[in-house]
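[1] 3D model of this:
(2 chains)
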Amino acid sequence: MNTKIILINVSILIMLFSSCGSKSNKRAVDAADLDKVMQEDAGNAPAGSIRSTLSSEDLMQLSRCEDISCIQLFMKERATIFFYTKKGEYTSLNRGMVMDSAGKEFVMPFSTIYFSSEPQATWRIAQTVHKKDLSDQLLNEFMQKGFVLVDSFRYYATEAKCYQYTSPQYPRTALFYSPTYKPWYRKGLYMNTSWLSYVFEVHYE
Amino acid sequence: MRLYYIFILAVVVALFLFLRTCIDKKVEKVTCKDVVREGEEMLGTWASKSANGYVQFRLKRDGSLEYMQVQFSANDTIKVKGDFSIVSSTSRNINYFPRLYGFRENGDTLLNYYIRSVTPYNSTVSKYDNLILSDNSIYDTVEYKFYRIKQ
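    The predicted structure follows:
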């Protein structure tokens, strides 16, 4: 009889203890410490890539590549900004919301790098930026290096108007800038393009 | 005979859970604190702070909601009472997170967010419980992180 009473008491005690203790409640934060905890949490978060595009300097260096292996080696050193998607394509690690011409929002990489990998293709390498502010920032970088507009024409590759920039500081180098809806038609991201992309192509001759 | 013991065990477990729920409710009533159990991780008080303000809301077991917002610049505090509901995705598409709706007493919508994640009950990874809400169910976009607050 005594054993039964003890057992009942013990089960009631267990229930009472388990009722007071909740694992989730133990992981609660004091309202006064919220600032500190949020700061600590933010400090522990993995740092994202700072850049979403290659810099103007990078693009100029890349333009001197004469073959695919050179590009692959160059991009390997920038693996914290871009990742290898497939042959001929690199995609920026930074992704975000891009709005198309109808106001629809897409989540996509902020920039991509494409190069012609087909043997019969004309040699071409370009960076496509998908946000206007990032494009303006990159164009400004070129301007600061003394690049000025020298010509504009309709470019067959982007099927849009293209602006040519050159700088006396960088002889034999030309930037071709082209806002377009057909950056690399039917390739990679651009199967059904409805957003404006900004193509940066640097030629070294 | 074995089935009989299994049945007894099931009855004992059911009784234990029932009694625990009853005691939990009593404890909640007396202490005015939510006792969070497995599968009920959303319950409790959640808060987040930024340079502009402080937002805190409490989701209670009975489906009621207490919402508080402090705007630092105006030194203004808003307190609202209402109800909440959590709606799972109607389709079985895993790309859509469940949704948290909060309503004022007059029926106006107060909260309407996707629940991106909530710290599981048995988590040993997180030091603090957090609840992540977002405007959309697209991964890698803007999210709001709330922390469980001691009541």
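[2] C-alpha from now on. contacts and neighbour counts both.
    OK.
[3] can you pull out the helices in chain B?
    Residue ranges of the helices in chain B, as given by DSSP state H, are B:2-31.
[4] Next to chain A, which bits of it? Give me the list.
    Within chain B, the positions lying close to chain A (Cα under 8 Å from any Cα of the partner chain) are B:16, B:19-20, B:23-24, B:27, B:35-37, B:41, B:48-49, B:121-122, B:127-129, B:138, B:140-141, B:147-150.
[5] Any chance of a PyMOL selection covering the buried ones in those residues?
    Buried residues within the residues of chain B next to chain A, by 16 or more other Cα atoms under 10 Å in any protein chain shown, are selected in PyMOL with:
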select buried, chain B and resi 16+19+20+23+24+27+35+36+37+41+48+49+121+128+129+138+147+148+149+150
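[6] what's the closest non-adjacent residue to B:A51?
    Using Cα to Cα, 6 or more residues apart in numbering or on different chains and skipping residues adjacent in sequence, the residue nearest B:A51 is B:F72, 7.7 Å away.
[7] Once you drop chain neighbours, what's closest to A:L175?
    Closest residue in space to A:L175, ignoring its immediate chain neighbours: A:V202 at 4.5 Å, by Cα to Cα, 6+ apart.
[8] SS state for that neighbour?
    strand (DSSP: H, G, I helix; E, B strand; the rest coil).
[9] so it sits right up against A:T128, yeah?
    No. With contacts counted by Cα atoms under 8 Å, A:V202 stays clear of A:T128, the gap being 11.8 Å.
[10] related to what we said a few turns ago, check contacts around the residue nearest to B:A51.
    B:A51, B:N52, B:G53, B:Y54 (Cα atoms under 8 Å, 6 or more residues apart in numbering or on different chains).
[11] In contact with the residue nearest to A:L175, which residues are there?
    A:V202 neighbours (Cα under 8 Å, 6+ apart): A:L59, A:M60, A:S63, A:I125, A:A126, A:T173, A:A174, A:L175, A:F176.
[12] at 6 Å instead, please
    A:S63, A:A174, A:L175 (Cα atoms under 6 Å, 6 or more residues apart in numbering or on different chains).
[13] Compute the distance between the last one and chain B, please.
    For A:L175, the distance to chain B (Cα to the nearest Cα, to the nearest Å) stands at 32 Å.
[14] got it, and the first one?
    When Cα to the nearest Cα is the yardstick, A:S63 and chain B sit 32 Å from each other.
[15] Got the phi and psi for that residue?
    Note on A:S63: its backbone torsions stand at phi -70, psi -20 [degrees, to the nearest 10].
[16] residue boundaries of the strands in chain A?
    Residue ranges of the strands in chain A, as given by DSSP state E, are A:82-86, A:89-92, A:95-99, A:105-109, A:111-115, A:125-129, A:148-155, A:160-167, A:170-180, A:197-204.
[17] Tell me the helices and strands packed up against the fourth one.
    Taking 3 or more Cα pairs under 6 Å, 6 or more residues apart in numbering or on different chains; DSSP states H and E as contact, the helices and strands that strand A:105-109 lies on are strand A:95-99.
[18] mind listing what residue 76 touches?
    No chain in the question, so chain A it is. Taking Cα under 6 Å, 6+ apart as the definition, A:K76 has no contacts.
[19] let's do chain B instead
    Contacts of B:D76 were listed using Cα under 6 Å, 6+ apart, and they are B:V70.
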